[in-house]
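Q: Need coordinates for the following:
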Amino acid sequence: MRPFGGARILLGVSGGIAAYKAGWVARLLAAAGAEVDVVMTRAATQFITPLTFEALTGRAVHTDIFSPGHALDHIHLAREADIVVVAPATADFLARAAHGRADDLLAACLLATTSPVILFPAMNDAMWAHPQTQRNATHLRDSGYTLVEPDVGALAAGEGSGPGRLPEPETIVAHVGRALEDASLRGRTVVVTAGPTREPVDPVRFLSNRSSGKMGVAIASAAWRRGANVVLIAGPLEVPDPVGPSIVRVETTEQMAGAVRQALPGADALVMAAAPADFRAAEPAAGKIKKSGGPASIALAATTDILACTVRHRPPGLVTVGFALETDHLIHSARAKLADKQLDFIVANSAREPDAGFGADTNRVTILGADGSSDALPVMSKTALADQILDRVEALLRAR
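A: As a prediction, this is how the structure comes out:
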């Protein structure tokens, strides 16, 4: 997680039942390399103990603005923080923050900081929908704070399901990572494809490949962290949906091609990390093909060549990136695809590498540029490779 190394994060916890999730948020941030200072309201200590956070972060926990010897904690903590995160932010805390109150340590820290502030409201759905809470939320946004809308889900005490649930810790950490990034792609639109496509043979069978979607999802996540507006066009994924990008679901190669064409106007970069099926059944059966009496063979036809079809639809200045997965003649085949599809660069990797390709968490690639460049990278995580790819995308965007 690139943005967190050495970052100083002030994690505020106010008194709601969702405070139990804040412990895992603290753990994830600390594990990612951040120094986490936890500030709790008095009510929060009724739901989770300060000792829990001290054990998770390895740092002292702050609870009282009037602690002997700590009279200026709100100043020191606020000034030293790279970002202030409040999760959960209860209705009471939002009201006090919106009115500029400084009646406890956490509220005082918000007034004393000049760093970005992200608030994650969590409360009963009726409390969140109340006009006064909504006015407070609007005022806080107008004051420069970032408010992340609560999730829709099961609420406490058998209250059913509605908007007001604190997002999951991984989602909170993703938003913090985006805020800590240098926003180098802010104002840019990046279109990413991910995963396989499926071509029906009959209503229950299909032709596909072993793509998991890990590489495309990693690129989409990294671009969103850098501030981009990201459109992820995804076939069936074997990994969780990323936080942030807009997701367009597709099944077949033809559907993916149509979604790409629709997303191209206004795009600044297209990263084709998907592995669309190259062939489809020439005539898919209307009913399930029975094992007994089935055909000895199935006639195949080529699917739409998505990259080739985008050439005449590409907006001026678009940076276009392709991928090439091969079993033989990797560099030769990748260079041919680079030229044929009119790409800016192509990411070539071998299906024969044990630590690369479909399904793996790591990859070993050679990046070939239209300018004749060749850069063989060592094995690395797909998350790290996503940043390598986007560094090159950004360099091309700056040059245009």
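Q: so when I look at Ile9, I'm seeing a helix, right?
A: No - checked against DSSP: H, G, I helix; E, B strand; the rest coil, Ile9 lies outside a helix; its state is strand.
Q: could you list every residue that touches it?
A: Applying CB atoms under 8 Å, 6 or more residues apart in numbering, we find Ile9 in contact with 29, 34-37, 81-85, 176. C-beta: built from backbone N, CA, C; applies to glycine.
Q: tell me the domain ranges of the protein?
A: 2-180, 189-281+296-398 (automatic domain parsing).
Q: Point out where the stretch 51-200 of the chain drops to low pLDDT.
A: The model of the stretch 51-200 of the chain has pLDDT under 70 over residues 68-71, 157-160.
Q: For it, just list every one of the strands.
A: 61-62, 83-89, 117-121, 146-147, 151-154, 161-165, 189-194, 199-202 (DSSP state E, counting those that start in this stretch).
Q: Quick one, which of those gets closest to Ala308.
A: Nearest to Ala308, of all the strands of the stretch 51-200 of the chain, is strand 189-194, at 14.3 Å by CB to CB.
Q: Count the neighbours of Val379 for me.
A: 15 (other CB atoms under 10 Å).
Q: Go ahead and confirm it touches Val365.
A: No - applying CB atoms under 8 Å, one finds Val379 not in contact with Val365, separated by 9.1 Å.
Q: mind listing the helices in the stretch 151-300 of the chain by residue range?
A: Under the criterion DSSP state H, counting those that start in this stretch, the stretch 151-300 of the chain contains helices at 169-180, 214-225, 253-263.
Q: what packs against the first one?
A: In other words, helix 169-180. Here helix 169-180 touches helix 19-31, strand 83-89, strand 117-121, helix 214-225, going by 3 or more CB pairs under 8 Å, 6 or more residues apart in numbering; DSSP states H and E.
Q: Using CSV, please lay out these together with distance to Thr45 and mean neighbour count.
A: CSV is the format used below for the helices and strands packed on helix 169-180 (distance: least, CB to CB, whole Å; neighbours: other CB atoms under 10 Å):
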stretch, distance to Thr45, mean neighbour count
helix 19-31, 9, 21
strand 83-89, 14, 27
strand 117-121, 19, 25
helix 214-225, 33, 28
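Q: Any chance of JSON lines for these, columns distance to Pro3?
A: As requested, the helices and strands packed on helix 169-180 are arranged in JSON lines below (distance: least, CB to CB, whole Å):
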{"stretch": "helix 19-31", "distance to Pro3": "11"}
{"stretch": "strand 83-89", "distance to Pro3": "10"}
{"stretch": "strand 117-121", "distance to Pro3": "13"}
{"stretch": "helix 214-225", "distance to Pro3": "7"}
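Q: Where do the helices of the stretch 301-400 of the chain begin and end?
A: Counting by DSSP H, counting those that start in this stretch, the helices of the stretch 301-400 of the chain are 306-310, 330-340, 382-398.
Q: and Phe206, which of the ones you listed is closest to it?
A: Here helix 306-310 is closest among the helices of the stretch 301-400 of the chain (CB to CB), at 17.8 Å.
Q: Which residues belonging to the closest one are considered buried?
A: Neighbour counts over helix 306-310 (16 or more other CB atoms under 10 Å) mark 306-307, 310 as buried.
Q: circling back to that earlier point, do you know which of the helices of the stretch 301-400 of the chain lies nearest Gly144?
A: Comparing these by CB to CB, helix 382-398 comes nearest, at 26.7 Å.
Q: Can you tell me what sits against that closest one?
A: Helix 382-398 is contacted by residues 1-2, 184-185, 188, 190, 214-215, 218-219, 221-223, 226, 268-269, 271, 317, 319, 321, 344-345, 347, 360-363, 365, 367, 369, 377, 380 when judged by CB under 8 Å, 6+ apart.
Q: Right, I'll leave it there.
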